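# kindly generate the corresponding structure for this input.
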Amino acid sequence: MKLSRLSAVAVFAALAFAPSSFAQSVPEIPFDGDVNFLKLPVNMYLGEPSGVAINSKKHIFVFNRGNTSGPAYGAAAAQLLEFGPDGKFIREIGKNLYAWSYAHDVRIDKNDNIWAIDKGSDMIIEFNPEGRVMMVFGRKKEASDEEAKPWEHPRPPAPAVPGQFRQPTDVAWNLDGDIFISDGYVNSRVAVYDKNGAWKTSFGTPGAGPGQFNTVHGIANDAQGNIYVADRGNRRIQVFDPKGTLLRQITIDTTAPPGLMPWMGNLPDMNAANNTMKPGAPWTVCITPGPTQYLYTSDSFPGRVYKFTLDGKLVGQLGHVGRQAKEFGWIHQIACPSENELYVAEILNWRVQKLTLHPAK
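Have a look, this model is predicted:
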């Protein structure tokens, strides 16, 4: 696999990889928000839904930080739930699975296989549509190891190891079926396997330069197999071709409305080195089906959803932080089965909200 090299792009980075950001007045997209779309059984509750995805049959999959067990600060907080197109609960997949620790994202591939990314166990699990385990990536720390504890976050981190993950976040694919795993909070890289699960390579190192990452929080692919990486700590989405060569980056030139406060905490310090909570720091990346594809992303504050063309033009935005319908509490993943139908997993509001957009209005 041929990968981008910083030395190769440095000469023309200022031109070829200049951020695509659009500071024009951005249209507000009218929309409806349904916070009661999912129908849970009696005595079943969502905790923090961190992931949401939809398959070809319009079934909705929610990766939820619920069903907790264990001590308050070391709980096993992950369960994978399936709902029908009408929002009715169908089943729980992988109950008591060995990999379940702390849910992050869930994805559905072109064959309707279900991929769950668990940040706590450092594992990625592929299920077939029937809910049986197909492939396993990564390995959680052994409970018998006296050194077993959560990963630390040194800067710079220890060198990445092929096949080992340290707080992975998401998964995507190119047209050859190669598997791209964003790895994530510690390693700041994208790991690549072939379609059969054989290790190929990885790309990306910690940093803020072209092809470098700081908190690789989400990843998605378009119809051509290009890979879009939500580089949250650098407040940008980086776009790579199907071989992993950097093409461009997309940024959101935005500020918060006066008087709006975060769901929790103080206003972000725009001069601070940490970018993950600032306006325009992308937590998510979702790309709609064709023939004309759009990219949706979101930030924690001001808590908006942003609509882009794939070349990086910001064409609309909607919503803001809050607790009511049509408001958001840390959107952690977006499912976008069509241009005007979105599902957003809100970890702070303990819900998945169905959004119906009305751009013609």
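
# going by C-alpha atoms from here, please, whenever you check contacts or count neighbours.
Will do.

# grab the most central residue of this structure for me.
residue 218 (3.2 Å; Cα atoms, centre = their mean).

# packing partners for the helix or strand harbouring that residue?
Using DSSP states H and E, residue 218 falls within strand 216-221. Secondary-structure packing of strand 216-221 (3 or more Cα pairs under 8 Å, 6 or more residues apart in numbering; DSSP states H and E): strand 168-173, strand 179-183, strand 227-231, strand 286-287.

# what about the stretch 151-300 of the chain, any weak spots by pLDDT?
Applying pLDDT under 70 to the stretch 151-300 of the chain picks out no residues at all.

# list the contacts for the residue nearest to residue 121 when sequence neighbours are not counted?
Among residues not flanking residue 121 along the chain, residue 140 sits closest, at 4.6 Å (Cα to Cα, 6 or more residues apart in numbering). Contacts for residue 140 (Cα atoms under 8 Å, 6 or more residues apart in numbering) come out as 99, 120, 121, 122, 123.

# the residue nearest to the centre of the chain and residue 233 touch, don't they?
No. With contacts counted by Cα atoms under 8 Å, residue 218 stays clear of residue 233, the gap being 11.6 Å.

# now do the strands in the stretch 251-361 of the chain.
With DSSP state E, counting those that start in this stretch as the criterion, the stretch 251-361 of the chain has strands at 286-287, 294-298, 305-309, 314-318, 320-321, 327-328, 331-338, 341-346, 351-357.

# got CSV for these, with distance to residue 272 and mean neighbour count too?
Converted to CSV, these look like this (distance: least, Cα to Cα, whole Å; neighbours: other Cα atoms under 10 Å):
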stretch, distance to residue 272, mean neighbour count
strand 286-287, 28, 26
strand 294-298, 20, 26
strand 305-309, 23, 21
strand 314-318, 25, 20
strand 320-321, 21, 23
strand 327-328, 24, 24
strand 331-338, 22, 25
strand 341-346, 25, 24
strand 351-357, 31, 22
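
# who wins for proximity to residue 164 among those strands?
Nearest to residue 164, of all the strands of the stretch 251-361 of the chain, is strand 331-338, at 23.7 Å by Cα to Cα.

# can you list the strands that that closest one pairs with?
With DSSP bridges as the test, strand 331-338 is paired with strand 341-346 (antiparallel).

# got the contact list for the strand it pairs with?
With contacts defined as Cα under 8 Å, 6+ apart, strand 341-346 is touched by 48-52, 62, 328-336, 351-357.

# circling back to that earlier point, minimum distance to residue 103: which of the helices and strands packed on strand 216-221 has it?
Between residue 103 and those, the tightest spacing by Cα to Cα is seen for strand 168-173, at 9.1 Å.

# contacts for the closest one next, please.
Counting by Cα under 8 Å, 6+ apart, 104-107, 109, 115, 117-119, 122-124, 179-185, 216-221, 225, 227 sit against strand 168-173.

# run through the residues that contact the residue nearest to the centre of the chain.
Counting by Cα under 8 Å, 6+ apart, residue 218 makes contact with 169, 170, 171, 182, 229, 230, 231, 283, 284, 285.

# please redo it, this time with the cut-off set to 10 Å
104-105, 168-172, 181-184, 228-232, 237, 282-286, 297, 332-333 (Cα atoms under 10 Å, 6 or more residues apart in numbering).

# for ChimeraX, what selects the buried ones among those?
The following ChimeraX line selects those of the contacts of residue 218 that are buried, judged by 16 or more other Cα atoms under 10 Å:
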select :104,105,168,169,170,171,172,181,182,183,184,228,229,230,231,232,237,282,283,284,285,286,297,332,333
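
# which stretches of the stretch 1-150 of the chain form helices?
6-9, 13-16 (DSSP state H, counting those that start in this stretch).

# between the ones you listed, which has the poorest mean confidence score?
Of all those, mean pLDDT reaches its minimum on helix 6-9 (a mean of 36).

# the residue nearest to the centre of the chain and residue 62: what is the separation?
16 Å (Cα to Cα, to the nearest Å).

# same check on residue 25?
34 Å.

# ok, now residue 338?
In terms of Cα to Cα, residue 338 sits 18 Å off from residue 62.

# now swap in residue 181 and tell me
19 Å.

# give the contact list for the closest residue to residue 81 other than its chain neighbours.
Leaving aside its sequence neighbours, residue 81 sits nearest to residue 92 (Cα to Cα, 6+ apart; 4.5 Å). Contact partners of residue 92, counting by Cα under 10 Å, 6+ apart, are 61, 62, 79, 80, 81, 82, 83, 131.

# the last one - nearest residue in space that isn't next to it in sequence?
If I follow you right, that is residue 131. Setting aside the residues directly before and after it, residue 131 is nearest to residue 93 in space (Cα to Cα, 6+ apart), at 5.9 Å.

# neighbours around that neighbour, how many?
A count of neighbours around residue 93, defined by other Cα atoms under 10 Å, yields 19.

# swap in residue 65?
Residues within reach of residue 65, counting by other Cα under 10 Å, total 25.

# columns neighbour count, distance to residue 312 and pLDDT on top of the contacts of residue 140, output as JSON lines?
Listed next are the contacts of residue 140 as JSON lines, based on neighbours: other Cα atoms under 10 Å; distance: Cα to Cα, whole Å; pLDDT from 0 to 100:
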{"residue": "99", "neighbour count": "24", "distance to residue 312": "36", "pLDDT": "96"}
{"residue": "120", "neighbour count": "25", "distance to residue 312": "32", "pLDDT": "94"}
{"residue": "121", "neighbour count": "23", "distance to residue 312": "34", "pLDDT": "95"}
{"residue": "122", "neighbour count": "25", "distance to residue 312": "31", "pLDDT": "96"}
{"residue": "123", "neighbour count": "24", "distance to residue 312": "32", "pLDDT": "98"}
